[in-house]
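Asker: model the following, please.
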Amino acid sequence: HLATSLPLPSERDHLRPRIDMIVFMIDIKSKYSLKNVEASLAYVDASFFLGKVCFLVTGVGRVNCCSIEMNAIWKLGEIYSSPVLFCELEMEGIRVATAQRLLRMLQICAGHIPGVSALSFGSLMRSSAND
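Answerer: Residues are numbered from 1 along each chain as shown. Okay, the predicted model is just below:
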């Protein structure tokens, strides 16, 4: 399910499936994109930041067109203890690999991978990013 911002409208709460993971998409070419994500973060329950949130940054193939400082994006990941993934949607191979990675993360967050919790996976993602 996609939403352009949070909070989600309450009139469809009874139809909404359980939320296992939230992926915040940030278009590196749009300052509005980052501001929208920052505003939406206030509506996320603190327990989701224990391995069930990630930031997906798109448009990274065009670094010369960036409107957002990379430090601001890294800072979001640090503040919210959530992984930051980078993707160029226009390149099919990268797009497919990113989709597969997100799907694997979702499977872990939903509890479909025995022996791996969202919290432990989040810790692994952070420690591998620091290497």
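
Asker: what is the least confident helix or strand in this structure?
Answerer: Lowest on mean pLDDT, DSSP states H and E among the helices and strands of the chain sits helix 118-130, with a mean of 62.

Asker: in the protein, where is pLDDT below threshold?
Answerer: Residue ranges of the chain with pLDDT under 70: 62-65, 121-131.

Asker: the strands in this structure, which residues?
Answerer: 22-27, 53-58, 84-87 (DSSP state E).

Asker: give the pairing partners of the second one; include direction for each.
Answerer: When pairing is defined by DSSP bridges, strand 53-58 lines up against strand 22-27 (parallel), strand 84-87 (parallel).

Asker: which of those sits closest to R104?
Answerer: strand 84-87 (11.6 Å; Cβ to Cβ). Using the backbone N, CA and C atoms, a C-beta is placed for each residue, glycine as well.

Asker: output the closest one in PDB with nothing but the alpha carbons.
Answerer: What follows is the C-alpha trace of strand 84-87 in PDB, where atoms were taken according to Å, rounded to 0.1, in the frame of the first residue of the first chain:
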ATOM      1  CA  VAL A  84      19.200   4.000   4.500                       C
ATOM      2  CA  LEU A  85      19.000   2.300   1.000                       C
ATOM      3  CA  PHE A  86      20.000   4.100  -2.200                       C
ATOM      4  CA  CYS A  87      18.500   3.300  -5.600                       C
END
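
Asker: no more questions from me, cheers.
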